[in-house]
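Q: how does the following fold in three dimensions:
(chains A and B)
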Amino acid sequence: MKKTRLKIGILLMAVPLLFSGISMRPEDFAGVSSRTAFLSTGSSEPDTFVPVKENDHYALQINKKSGAVKVIDKETKFEWNSTPADYESDKIAEDSNKMALDSQLLLTYANSKTSAIQYTTSKLSSANKGGLSFSATANGIVVTYTFREGFVIPVEYELGDSSLTASILADQIQENDGNSTLCSIALLPYFGAGGVSDSGYMFVPDGSGAIINFNNNKSDIAGDVDNNFIQNGFSQYVYGRDEAISQKARTSTAEGVKMPVFGLKNADNAFCAMITSGESRGLINASVAGKNSSYNNVYSEFIYKDMDTFTVKSKSYDAQILTLFEKSPAEVDKYSVRYQFLKKENANYTGMALAYQNYLVSEKGLKKRTQSGEYPLYIQLFGGVKKKQLFLGFPISRTIPLTKYDDVAGIAEQLKESGVTDLVCRYDEWMKDTSSSPIPVDLKTEGTLGGDAGFKRMTDYLNQNGVRMYLDVNLTDIVKSRRGYSRGSDSTKSIQRSPCVLYGYNLASGRTDPNLQTSILLTPKKVVTAAQTVLGNLPKRGVTGVSLSTLGKNLYSDFTVEGAERPSAEQMYEDIFNQFDDGGKVMAESPNSYAIPYASDILSAPSESSGFLVEDYEVPFYQIVLHGYVDYSTPPVNQYGDYRDIVLKALETGSSLNFLWAARNTDKLQDTPYNSYISIDCSDWLNQAADSYRELEPILSRVSDQRIVGSEMLQQGVYETVYENGTKITVNENDYPVHFGSQTIDQQSYSVQ
Amino acid sequence: MKRLKIGSHRGFKTGFLMTAVILLISSQFCVSAEAPYSSYNYDVWSEDNVNATAIPSADGYLPETVLYGDALGIGSFNGPKDMFLKDNLLYVLDSGNSRIVVLNADYKVSSVITPVGADGAPITFQDATGIFVDDDRNIFVCDTSGGRVYILDKNGKQFSQIERPDSDIIPDDLLFKPEKVVKDSRGNVFVALDDCYKGAFHFDKNLNFVGFFGSEPVTFSLKMVESKLLKIILNKKEQDTLERQVPTNFVSLDIDADGFIYTCRATEDGNRESAGQIRKLNYYGNDVLPPNKFYGDRVRVYDNQQSYIFTKLTDVDVSDSSFINVIDKTRGRVFQYDQNGNLLFAFGSLGKQAGTFSTVESVESIGDNIAVLDSKYNSITIFAETQFAKDVHSAVLLHNQGKYLDAMPLWQNIAKQDKYYDLANIGLGKAYEELGQYDKALDSFYMANDKEDYSDALYASRSDKMRAVFPAFLAVLGALLIAGMIVSYVRRNKKTEDFAEIGRIRYPFYTMIHPIKGFDNLKNDKKGSILYANILVLLFFIESIFSKLNTGFLFNPNRVENFNIVYTLFSTVGLFIFWVAANWAVSTLLDGEGKFGEIWIFSAYSLMPYLICNIVVILLSNFLVNDEQSFYKVAVFILYAWTALCLFAAINAVHQFTVSKTILIILFTLVIIFLIILLVAIVYSMFAQLADFISSIIGELKLR
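A: The predicted structure follows:
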C-alpha cells in the first residue's frame, strides 16, 4: 500500500514528464524510498528560524537546517510558510510525499543512459545530506543546494516592500554528475499551502482564470486516462506546450495559460505569484488535499532541459520510442517568482488580478489606450482560400474569394447603417495567394479579391469612416517554401533536429492526420527578419494596423540555434510587438502576457476557463487585468453552440463581441484547412450582431475606460462585476430567474446599477 | 470481497474533512458556451465506411454541470455503474456503496435507497452493473458476479429475485452473469448477460424462463472459414488453442414507450469491424433499424503494437423523442442517432475537463438533457442541448412525419449554423421538392450524397418537364422516325455497298457495324489510317473525361470533385498503349501477322462502339432514375459487349489467326499487361523503401 501511494506521489510530481509518454518503473525510485536517508541528519544547524531581512511590513526568516523560509506579516502576525507549520502531523502524506512538504525544490531528472525519469526532493537529497550553504545578499539570502545526484542549485530570496521574490539562479546551476540530466525544478511547492481546516482557494490562470477551492475533495478525480494526462490536480504549461516538442495526439481542448501568474487565498490573506523571469519555461501546478497530503498547494515548476520523444521504426510494425534531452539549458539567467502579499479586502482573485495589472503597468509598460464612452464591435473577415479545383479537368489550386476588398467596405457600411458606430476589423488571408501564401513579407494584394485598386478603395473607405483596421500577417507558419523562406533550412528544429511540422488532428481519433495540411514553423530569428520587412513595406499599403495573431499566442523554440529557446524567442517577439506598436497599431489575438502591453486591440481574449474537473468555477481574471487599459473581444461568437450564453459572458467580462465572417462562397470551405468555419456567412449573422451590439453598447460604453474593481459569483450562474465608477453589472446565466435581496433577475438576463 | 472493483478508491480518513467539504462546495462547476472537445460528424462523401472522414460540426450538447456525491451531500459515489430514469427521477446505481441514489429533476437528492433482503439484512452487491425501475417503482438490480437480479420494492426491500433458470436449452457452461435488465409493459423481463451470445434471457411476468431473445446475427467472415477448415485438420486439443469464433453479445438494453428493445454491442467481431452494433428489436426479436449502418467512431486507429483500437459501445439509451444515445468507452464519447441511424451529434472525449471522461459507464436522457456516468471520476455529467440541437431534433421529428414544409425554416436555421450539416440538405431538398423547385431539390440531395431522394426528385422533375414537352417530344420523335425511314428507303434503292468504295473516313463506322467482315477487309484493303486511329484514341480520352464528369449522379461511382485528368489519361491512353505494346510483343512470338502500327490502328478502330454508345449511356444516366437502372445496365452491357466483339474481331483480323488462337493471344496480352503493372508497382515500392531508408539514416545521423 505504501509503495502504491509513493508511486502515486511520484507520478504527480513527474507530471510534465508524463506528457512525453515515459513510463516509470518502480526500481527507479529505490533511492527515494530509502528510510535511512530520511533519518540521517546531515546538518548541524539548529532546527529553528532565524531572521534574514526585515522591512516596515514584513520579515523574512529562514530555517538553516531544512532551508524552509517564512515571511511574517508584522501587522497581522500572519505567517507565509514554505513548509506547512504542522506538516509532521499530516496523516496522509508519507515517505517522499512527507519529505516534499518540507522541501523548497522538487527535481525531476533523468538517467543519461536509460533516459528513465527519476524524482527527488531537496530535503532527501540535499538538506538531509548537509548540502545547504547560505550567503547573505542586500535584500535577502542565497541558499545553495548541493544534491547527492550532483546538481548544485542556488536559490535567492529577496524581501520586497510587500512581496517575496524567490529565484532559481539558473545560470549558476551545475550538473556535476555526468550520469544525470536535470529536467525540471519545482520551486516552493508548498508555499502558503492551505490545510484541511483552512478555508480559501487557489487561483490558476487557466484561460480566463479558474478557482480551485481548498479541500474540494477532488484530489482523486482524475483517474487513469490512457492518453498520458496528468494524474491528478492541475498542471499546465505557461504559454502552452513548446510547439517544437512533438504532440502525437490531442483529444480534449484546453484554453491554455496566457498569463504567468497564480495565487492563493487563505481566509483574509492571499498572495499573487507572478513569474517575472523565465516564465516561458514554466508550468503552473496545483493540487488539493486528500490524496498525497492534507494540503492544498499551488506552485510553479521550471523546465531546465526539455525533452522529446520520437519513434524509430526498424520495421513497419515494430516501433521503438526514444527519449532525447536538450543538450544545453535555455539561455535564462534566473527563474523568478514574485509572491505579492495581499490582505483583507484585497485578498481575493480581483485583488490578485489588480496586483498583476499593476505589475504590467509599472514594469512592463501597459498603457491606458481606452477612451470613455466607446464600445467597439470586432469583426474578423476571412479573405480567401486556396483550394484544388478542376480547370479543364486538371486539378489546379486556385483562390476562392470569400471576402473581397470591396466586400469589406460593404460589410462596414451595412453595420454602420445598422447602428454600429465603432468598428474594429481584422482581415485574414487577404494577401496574395491567401491561405497558402508564403511568409507574406511583401504585403502584395490578391487579384481575385480585387487587386491593388480594390485594396485602395477599401482602405480609403475604412480610413474615412474611422474603422480600426488590422491586416493579419502570419509570420510563423510556412505553408509553402517561397520568396526566401524555405520549409527546410528556415524551419525551427526539434530536439531531434528535424523541422517542426504543425499537423492537423483527426477529430475522431485525436491523432495527427497526414491527410490534413501541415505547416512548418519559421525559426524565431527569421521571424524577426520577416517582421522588419513587413514593417518596411507597411506604408506602401496605406495601413497602419497589423495583426500579429500567431506571434502573440504561439511560442516555440529552435533547439538547434543558440539562444533561440522559448525565453529568447519570447524576448524577440516582445521586441517585434514593441516595434509595431511604435510604428502604428498592432492587434494581438488571445495573447500571452508578453504581447499585451503593446497591443492596441486584443482579439479573442479567453472568456472561459477550460473547466478542468479539479477546478470549482471560472473567473474573469484575464479581463480584470485588461479592462480599462485596452479594448478586447470575446472569441468569435458565431463559432460556438449557444449564442445567448456568449453574449451574456461578454457582458459579465466587459468584453466586446467578435464575429468571424465571410461575404460569399461560404459553402466552399470543405476539404480546406478552414473546414471548421461552418457558420461564417455574414448575411446570416449581420442583423443579429447589430441587435446584440445595440443591446450591450449602452451598458458597456459607460465603463469602457474604467477598471474592474470587484468580481464575484453570487450564486451558481450569477456573476457580479463592479467598475471603478461604481457601475455594477449582475448577469444571470441560468435558465431560471434568480432572487437575492429585493432583486429579481430573469433567466438569461442581467441588471445594471 | 466488498467493493470488488473500485475497492482501491480510498475513502477519506478524516470525518471532519467530509463535512468541511460539503459546507464549502455550494455549487458545482457550471460550464457554458465553449466545449472542451471538437464536435464533429462524418462526411457523407467518405468512401470507406469504417474509415470515414470526420468533419467539424456545430456543438449539439455542452456540459452543464458535473455532479459528485460529496457535493450532493451523500458522500462520494463509489464506482457507480448504471442510471435509469423513471417518472422524472434519476436512479443511480452506486455499486461500490451498495446503494441506489435517486435524484430529482433539479439534480438534488430525492432519496437514498439502501437495499435490504427479505430478512431485513442489508444487501451488499458484489458487482452491480444494471438497474431498471418498473411502473410500480419496483427496482431491478443486476449483480453480475453475484449471478442474480434483485427485485426490490420502492423502499429497497427485496421481494423477489431472478437466478439462473433450469432449462434444457441453456448450455451447461453458460454462467448467469446479468448485466442489464428491462421489463416491458406486459411484464416480460429481458436480462442481458455478460458473455452470452445466445441473446437476452426472456422471462414472462411470473418470472418463468421463456427462451432467448434477439441474439446477434452471425456475420460471415473469412476467419470463420479458416477456423472451420482448421478444425477439420486439427485434433481436439489443438482446436482449443484456436480463437473462439462466436457471435458477439450485446451488452446493454433499453426499451422505448412502444415496447421496442434497443441493444448495443462492441464494434469488433473477431479482429475486424462489423456494422449494426445498435439494434432496435420488435417483439419477435427482429431488428427494424436500417441494415448495415455503422455506429460509433468510424476511424481506424492502431495502438503501438499495431492492432486496432475499436469503438466500444457499452450502453444504449433511447430518449422520449426516440433519439438513440450510445456511449463509446474507448474514447469517452456519446453518439446520438435518429431512428434512421443518422448520426446527429458526437460529443465528449477522454480528458480531465468538465464534459470529458475517464471511464464512461452509462448514458441516460433526461428530457432534453443527457446524463453520463463515469465510474472512475465518480461523477455524473449533465449535458444540455444547444439551440442548434433543439432545432435539429424538432426538424428531424417533423421530417420523419413527412411535414417537410414545416421543418423547412428549422433546416434553414440549422444550415445557418452549420453549412455542412447533411441532414439539413436532405430536409431542405424534400421541402424544395414539395414546393416543385426540383432543381434546388436536386442540388440539395446531391450535396448530401443522397441518391435515393435524388432519384425520387429526378423522377418528379422528369414527369413535370415531360408534361410540358411531351407533345413536342412526340412530334420530334415522329419526325425523326419518318426521316429515318425515308433515308433507309433511299439507301436501299441505291444498293451501292461495295467494300472497295468505302472511304477512309467511313471505315471505322463500317468495322463497327460489320466487325468480322470489316476488319478482314481493312486488313486486305490497307485503308487503315494512323491519323484516324490517333483521333479515335484522342476521342476515347476526351469522352472518358466527359463520361466521368457528366454521367448522372445516380449512376456515377466517382465524385465529380475528385476527378483527376492524369488518372483518366493513364486509364485510357496509357492502357491503350499497354494493350497495343503487349499484344504486339505476344503476337511476334506467336507468328502473328500484325505489325505494331496495324495493331494500333485496328485496336483504335474497335473503340468505335464505345465512342458512340457511351454518348447514349451518358444521356441515359442523366435521365433515368433508380427504378429504371436495368435499362442503364443493359445499355452499359451492350456498350462493353460490342466493343469487346470489335476488339476480338480486330485482333483476329490483324494477325489472321484462328478463333482459338485469338482467344489465347488476348489472354496472354492481358497477362502481360498485368505483369507490367505489377513490375511498375514493385519498382515504385522499392524506391519508396529506399527513400524511407535514406531518410531514417539521415535522421539518425542528425542525432550524432
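
Q: show me how far stretch B:586-593 is from its chain's centre.
A: 50 Å (CA atoms, centre = their mean, to the nearest Å).

Q: got it, and stretch B:377-387?
A: Worked out by CA atoms, centre = their mean, stretch B:377-387 lies 27 Å from the chain centre.

Q: and it with chain A, contact?
A: Yes: residues of stretch B:377-387 are located near chain A by CB under 8 Å from any CB of the partner chain, namely B:377-379, B:386-387. C-beta: built from backbone N, CA, C; applies to glycine.

Q: identify the farthest-apart pair in these.
A: B:378 and B:387 (31.4 Å; CB to CB).

Q: which one of those two has more residues nearby?
A: Ranked by neighbour count (other CB atoms under 10 Å in any protein chain shown), residue B:378 and residue B:387 place residue B:378 first, with 26 against 16.

Q: and the more buried one, how far is that from residue B:105?
A: 22 Å (CB to CB, to the nearest Å).

Q: so residue B:230, which state does it fall into?
A: Following DSSP: H, G, I helix; E, B strand; the rest coil, we place residue B:230 in the helix state.

Q: any weak-confidence spans in the stretch 251-400 of chain B?
A: B:269-272, B:304-306 (pLDDT under 70).

Q: now the strands for it?
A: B:252-255, B:261-264, B:268-269, B:272-273, B:278-281, B:313-318, B:324-328, B:333-337, B:343-347, B:360-366, B:369-374, B:379-385 (DSSP state E, counting those that start in this stretch).

Q: ramachandran angles for the residue in the stretch 551-700 of chain B positioned nearest to chain A?
A: Using CB to the nearest CB, the closest approach of the stretch 551-700 of chain B to chain A is made by residue B:565 at 3.8 Å. Main-chain torsions, residue B:565, degrees, to the nearest 10: phi -70, psi -30.

Q: what do you get for residue A:202?
A: Per degrees, to the nearest 10, the backbone of residue A:202 is at phi -110, psi 140.

Q: again with residue B:209
A: According to degrees, to the nearest 10, residue B:209 has phi -70, psi 130.

Q: centre-most residue in chain A?
A: residue A:257 (2.1 Å; CA atoms, centre = their mean).

Q: which ones are touching that residue?
A: By CB atoms under 8 Å, 6 or more residues apart in numbering or on different chains, the contact list for residue A:257 reads A:204-206, A:236-240, A:284.

Q: enumerate the residues of the stretch 501-650 of chain A near chain B.
A: So far as CB under 8 Å from any CB goes, the stretch 501-650 of chain A lies against chain B at A:506-511, A:607-608, A:610-617, A:635, A:640-646, A:649.

Q: buried subset of the residues you listed, written for ChimeraX?
A: The following ChimeraX line selects those of those that are buried, judged by 16 or more other CB atoms under 10 Å in any protein chain shown:
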select /A:506,507,508,509,510,511,607,608,610,611,612,613,614,615,616,617,635,640,641,642,643,645,646,649
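
Q: which of the residues in stretch A:50-66 are buried?
A: So for stretch A:50-66, counting by 16+ other CB under 10 Å, buried means A:52-53, A:57-66.

Q: and the contacts of that stretch?
A: Applying CB under 8 Å, 6+ apart, the set of residues contacting stretch A:50-66 is A:43, A:45-49, A:68-75, A:83, A:102, A:123, A:127, A:132, A:134, A:136, A:139-141, A:143, A:157, A:159, A:161-162, A:164, A:341.

Q: for the closest residue to residue A:595 other than its chain neighbours, phi and psi?
A: Nearest-residue entry for residue A:595: residue A:552, 3.8 Å, with adjacent residues in sequence omitted and distances by CB to CB, 6 or more residues apart in numbering or on different chains. For residue A:552, the backbone dihedrals are phi -80, psi -20 (criterion: degrees, to the nearest 10).

Q: quick check: residue A:552 touching residue A:590?
A: Yes: using CB atoms under 8 Å, residue A:552 makes contact with residue A:590 at a distance of 7.2 Å.

Q: more crowded one of the two?
A: Neighbour tally, residue A:552 and residue A:590, criterion other CB under 10 Å: the higher count belongs to residue A:552, 27 against 22.

Q: so what's the more buried one up against?
A: A:573, A:577, A:588-592, A:595, A:599.

Q: which one of these is nearest to chain B?
A: residue A:590 (12.4 Å).

Q: one step back: in TSV, list the contacts of residue A:257 along with distance to chain B, neighbour count and secondary structure.
A: Listed next are the contacts of residue A:257 as TSV, based on distance: CB to the nearest CB, whole Å; neighbours: other CB atoms under 10 Å in any protein chain shown; DSSP: H, G, I helix; E, B strand; the rest coil:
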residue	distance to chain B	neighbour count	secondary structure
A:204	13	28	strand
A:205	16	28	coil
A:206	10	31	strand
A:236	11	25	strand
A:237	15	21	strand
A:238	18	28	strand
A:239	19	25	coil
A:240	15	18	coil
A:284	15	26	strand
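
Q: tell me the one of these nearest residue B:535?
A: Closest to residue B:535, out of all of those and judged by CB to CB, is residue A:240, at 62.2 Å.

Q: gap between the closest one and residue B:554?
A: Using CB to CB, residue A:240 is found at 49 Å from residue B:554.

Q: hang on, the earlier thing: which of the contacts of residue A:552 fall in strands?
A: A:588-589 (DSSP state E).

Q: contacts only, for residue 600.
A: Unless you meant another one, I'm taking chain A. A:369, A:468, A:545, A:581, A:585-587, A:630.

Q: you answered for a different chain; I wanted chain B.
A: B:530, B:533, B:580.

Q: now stretch A:529-547: buried residues?
A: In stretch A:529-547, counting by 16+ other CB under 10 Å, buried: A:529-531, A:533-535, A:538, A:541, A:543-547.

Q: state the number of residues packed around whichever residue of the stretch 101-250 of chain B sits closest to chain A.
A: Per CB to the nearest CB, residue B:106 is where the stretch 101-250 of chain B lies closest to chain A, at 9.6 Å. Neighbour count of residue B:106, defined by other CB under 10 Å: 7.

Q: please apply the same query to residue A:164.
A: If we define neighbours as other CB under 10 Å, then residue A:164 has 26 of them.

Q: most neighbours among the contacts of residue B:600, which one?
A: Once you tally neighbours by other CB under 10 Å, residue B:580 ends up highest among those, having 23 neighbours.

Q: that residue against residue B:598, yeah?
A: No: if you go by CB under 8 Å, residue B:580 and residue B:598 don't touch, sitting 9.8 Å apart.

Q: follow-up on the earlier one: so which of the contacts of residue B:600 comes closest to residue B:174?
A: The nearest one, if we look at the contacts of residue B:600 relative to residue B:174 and count by CB to CB, is residue B:580, at 65.9 Å.

Q: got a list of what that closest one touches?
A: Contact analysis of residue B:580 by CB under 8 Å, 6+ apart lists B:596, B:599-600, B:603.

Q: and those residues as CSV, adding secondary structure and pLDDT?
A: Converted to CSV, the contacts of residue B:580 look like this (DSSP: H, G, I helix; E, B strand; the rest coil; pLDDT from 0 to 100):
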residue, secondary structure, pLDDT
B:596, helix, 89
B:599, helix, 90
B:600, helix, 91
B:603, helix, 91
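
Q: from chain A, how far out is residue B:267?
A: 13 Å (CB to the nearest CB, to the nearest Å).

Q: quick check: mean pLDDT of stretch A:450-457?
A: For stretch A:450-457, mean pLDDT is 93.

Q: how much distance is there from it to the middle of the chain?
A: So, by CA atoms, centre = their mean, the centroid of stretch A:450-457 is 38 Å from its chain's centroid.

Q: which parts of that stretch are buried?
A: A:450, A:454-455.

Q: residues in contact with that stretch: which ones?
A: So stretch A:450-457 is in contact with A:404-406, A:409, A:445, A:449, A:458, A:541-542, going by CB under 8 Å, 6+ apart.

Q: from those, pick the one nearest chain B.
A: Chain B lies nearest to residue A:404 out of the contacts of stretch A:450-457, by CB to the nearest CB, at 19.2 Å.

Q: residue A:663 is in contact with the closest one, correct?
A: Yes: look at residue A:404 against residue A:663 with CB under 8 Å: they come within range, at 7.0 Å.
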